[in-house]
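Asks: need coordinates for the below:
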Amino acid sequence: MGILLYLMDLQFADKCTEHFLDSMPLLTTISPWPQARVYLWDITESEHELLAMVHMTQQSLQRFGSMKSQVHRNGFLSVRALLQAADLSDDDLYYDSFGKPFLHSGQYISITHSHTRSAIIVAPYPVGIDIELRRPKILRIAHKFCPGISAELEQLVPESVDQYTYFWTAKESIYKMASMPGLGFLNDIALSEWNQDQDFTAVIPKEMDGCIKAKGKITKGTGRKFLFKGFIADQYVCGMTKDAWAND
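Replies: Residues are numbered from 1 along each chain as shown. Now for the predicted structure:
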């Protein structure tokens with residue numbers, strides 16, 4: 001029904017989109033690394049309001065129509081809104097056979113949404129992003145993706161739920177960036193050198209807890225190295241990764 005309203009009311013949707021672009025209700029935008037941009041969205045709109053804001057390709061309309069969960073539907077729509085905030089559109093986006101998103105321009109993109117929060121990261125080099133709601137249930141599955149919390153992270157992040165959520169966002173974001181089928185969270189991705197990122201903390205909004213960073217590598221195959229940055233905003237942990245370069 002939502003798609004039908006969207007197609008029937010296209011002229012109204014175009015007007016809403018123009019207004020939307022002038023007054024984008026973003027939570028914030030940040031630059032974790034040079035030429036990388038993160039766009040964060042707090043989903044407060046109804047499905048109908050989100051539909052009126054965005055343009056979708058026929059393929060996305062079909063995918064959206066198959067979604068049963070309201071949370072997933074709103075998350076999918078908010079990501080299309082975030083594309084517009086980044087001066088992109090749904091037409092610029094495509095997916096490979098494994099479901100990894102790409103941009104026709106050659107820029108790299110990663111996408112995430114969790115409950116009422118969504119985000120994208122866009123950069124000229126491979127990047128990954130993940131948002132997770134801070135919930136005690138992560139402690140029940142921690143043994144499946146984390147061999148143990150380092151003393152460095154325990155000092156930076158006192159709450160165990162947050163510690164493991166940081167670990168999860170780090171491993172999930174590197175998994176998205178690496179795009180290696182069969183990459184295991186428990187044994188194939190290692191994290192170390194957890195520190196507070198004072199430089200990044202100085203530029204993120206005050207409502208976000210200070211950023212922490214880590215180094216790590218994929219121990220499976222080539223030993224690819226990467227950098228992680230993460231922070232807490234409200235009840236969510238947001239984590240981002242990129243490849244580690246020689247001058248990092």
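Asks: quick one: pLDDT of Leu27?
Replies: For Leu27, the model assigns a pLDDT of 80.
Asks: try Pro205
Replies: pLDDT for Pro205: 81.
Asks: isn't it right up against Val38?
Replies: No - at 11.9 Å, Pro205 does not count as touching Val38 under the criterion of C-beta atoms under 8 Å. Placement of C-beta: from N, CA and C, glycine included.
Asks: look at these two and report which has more neighbours.
Replies: Val38 (24 against 12; other C-beta atoms under 10 Å).
Asks: OK, contacts around Glu207?
Replies: Ala233, Asp234 (C-beta atoms under 8 Å, 6 or more residues apart in numbering).
Asks: from Ile131, how far out is it?
Replies: From Glu207 over to Ile131 the distance is 15 Å, taken as C-beta to C-beta, to the nearest Å.
Asks: kindly report the same for Leu156.
Replies: Note on Leu156: its distance to Ile131, by C-beta to C-beta, is 19 Å.
Asks: compare these two (neighbour count), which wins?
Replies: More crowded of Leu156 and Ile131, by other C-beta under 10 Å: Ile131, with 24 against 18.
Asks: looking at this, the more buried one is in a strand?
Replies: Yes - Ile131 forms part of a strand when assessed by DSSP: H, G, I helix; E, B strand; the rest coil.
Asks: so who does it touch?
Replies: Shown in contact with Ile131 (C-beta under 8 Å, 6+ apart): Thr112, His113, Ser114, Arg117, Ser118, Ala119, Thr169, Tyr236, Val237, Cys238, Gly239.
Asks: which helix or which strand is home to the second one?
Replies: In this case it means His113. Element membership of His113, judged by DSSP states H and E, is strand 108-114.
Asks: what's that strand in contact with?
Replies: Here strand 108-114 makes contact (C-beta under 8 Å, 6+ apart) with 43, 75-76, 78-79, 93, 101-103, 118-133, 173, 176-177, 236.
Asks: hey, which helix or strand in this protein has the poorest pLDDT?
Replies: helix 2-8 (a mean of 36; mean pLDDT, DSSP states H and E).
Asks: low-confidence ranges in this structure?
Replies: Residue ranges of the chain with pLDDT under 70: 1-25.
Asks: at 80 what do you get?
Replies: 1-26, 202-203, 206-207, 210, 221-223, 246-248 (pLDDT under 80).
Asks: re the thing from before, what is in contact with Pro205 and Val38 at once?
Replies: Common neighbours of Pro205 and Val38 (criterion: C-beta under 8 Å, 6+ apart): Ile30.
Asks: the protein: helices as residue ranges?
Replies: 2-8, 10-22, 47-53, 58-65, 70-85, 138-141, 151-156, 160-178, 198-201 (DSSP state H).
Asks: just say which of those helices is most tucked in.
Replies: Burial among those, expressed as mean neighbours by mean count of other C-beta atoms under 10 Å, is greatest for helix 160-178, which shows a mean of 23.
Asks: roughly how far is that one from the heart of the chain?
Replies: On the basis of C-alpha atoms, centre = their mean, to the nearest Å, helix 160-178 sits 11 Å off its chain's mean C-alpha point.
Asks: swap in stretch 80-87?
Replies: Offset of stretch 80-87 from its chain centre (C-alpha atoms, centre = their mean): 14 Å.
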